[in-house]
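>>> Predicted coordinates and the sequence they were generated for:
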Amino acid sequence: MNIPVIFPFQIEILRASRRSSWRVRASPHLTATEVAQLDPYAFLALLGKRVIHPGGHRSSEELFRRAGFQPDQQILDVGCGVGTSAMAIARRFGAKVTAVDISPIMLARARSNVQRTGLTGQVTVTYGDILALDFPDNRYDRVIAEAVTMFVDRPRAVRELIRVCKPGGRVLATEFFWREPPPSEAREIFLGQVCPGMQVDTLEEWVRLYEEAGLGNTQVVSGPFEMMTPAGFLSDEGVANCLAIMGRAMTRLSYLRKMAWLMPRLQRAVPYLGYLLVVGEKPATVQGGAAVQAEEMAEGVSPERMS
């Protein structure tokens, strides 16, 4: 059963927009310029959201479980966002992490978070473009990318992830995928307005992309898109940060307007979206065609072999 995505601050936004003094200023309608400038990921970071990728905390935990992180390893986190995964890897596994992103907002938040948590000796935050990573070949033991390649030239991005990984090392990436074909209107709104430029494919198409780039012993785990559902939001952020996010959203009219515009459009696509985690090894000689195991994390769905 699909449950509508409704947050307490959405209710407050609707209430506020009905008050005569707010009716114009808190309008959920954005100008074309405002829509073009709205980056949902950066906006969520400004509100203080810590987990900003499709599978949320659940997919990160699965990534950690399958990565096999060790204290003596060098890890690259591409598209690190606010640094949540990079800090967790350093804190829990003792590994050294290089965290890169192209967004000034994300980099500023990540640096602040790393400094605040006392992890500057283990986590290095720097600018990095997934299409042209400024690192030598075969540099890292593990390379992770959570919700990054779907925004760029995907074959080129995946080749870069594999290039900087050591032979025998692992590449782990989280992506959006269509769990079932969405109605054309929902698809157009999500890809054309909410996340313009994003590319969302089927699970099989994503796996084929990574295999053709040369990833071996490939596995994929999939599950529902929970990051922006009520249960997922609470699980990822905890009660205290949920309240803090709501507080920030309610204090600025610009935030209210963006949230009022964004959430109803996102809701239309949520029932059809899922996340997948691709895990594979870089062979001594990179070549495509590795076998794939697919596992459904959704309860009651057994693993299937994909051809």
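Perfect, I can see it now.
>>> rest of the way, CA atoms for contacts and neighbours
Fine.
>>> C-terminal to the strand or helix carrying residue 167, what's the next element?
Per DSSP states H and E: residue 167 is located in strand 165-178. Downstream of strand 165-178, the first helix or strand assigned by DSSP H and E is helix 184-189.
>>> for that following helix, packing partners?
helix 253-269 (3 or more Cα pairs under 8 Å, 6 or more residues apart in numbering; DSSP states H and E).
>>> Strand 165-178 and the helix it packs on, what's the angle between them?
80 degrees (axes from the mean of the first three to the mean of the last three Cα atoms, to 10 degrees).
>>> Flag every buried residue along helix 253-269.
For helix 253-269, burial by neighbour count (16 or more other Cα atoms under 10 Å) applies to 254-263, 266-269.
>>> Tell me how far it lies from the chain's centre.
Centroid separation for helix 253-269 versus its chain: 18 Å, with Cα atoms, centre = their mean, to the nearest Å.
>>> helix or strand right after that helix?
strand 273-281.
>>> which other helices and strands contact that next one?
Using 3+ Cα pairs under 8 Å, 6+ apart, the elements in contact with strand 273-281 are helix 56-67, strand 165-178, strand 216-224.
>>> can you tell me which of the ones you listed comes nearest to residue 140?
Smallest distance to residue 140 across the helices and strands packed on strand 273-281 (Cα to Cα): 4.8 Å, for strand 165-178.
>>> quick check: angle from the biggest helix by length in the chain to helix 56-67?
Criterion DSSP state H: the longest helix present in the chain is helix 230-251. Relative orientation of helix 230-251 versus helix 56-67 (the same axes, to 10 degrees): 130 degrees.
>>> and helix 230-251, which residues are buried?
For helix 230-251, a neighbour-count test (16+ other Cα under 10 Å) marks 232-237, 241-242, 245-246, 249-250 as buried.
>>> Kindly report the same for stretch 200-219.
Residues of stretch 200-219 classed as buried: 200-203, 206-219 (neighbour count, 16+ other Cα under 10 Å).
>>> which ones among those are found in helices?
Members of the buried residues of stretch 200-219 lying in helices (criterion: DSSP H): 203, 206-212.
>>> ok, those residues vs residue 89, which is closest?
Nearest member of these to residue 89, counting by Cα to Cα, is residue 210, at 23.6 Å.
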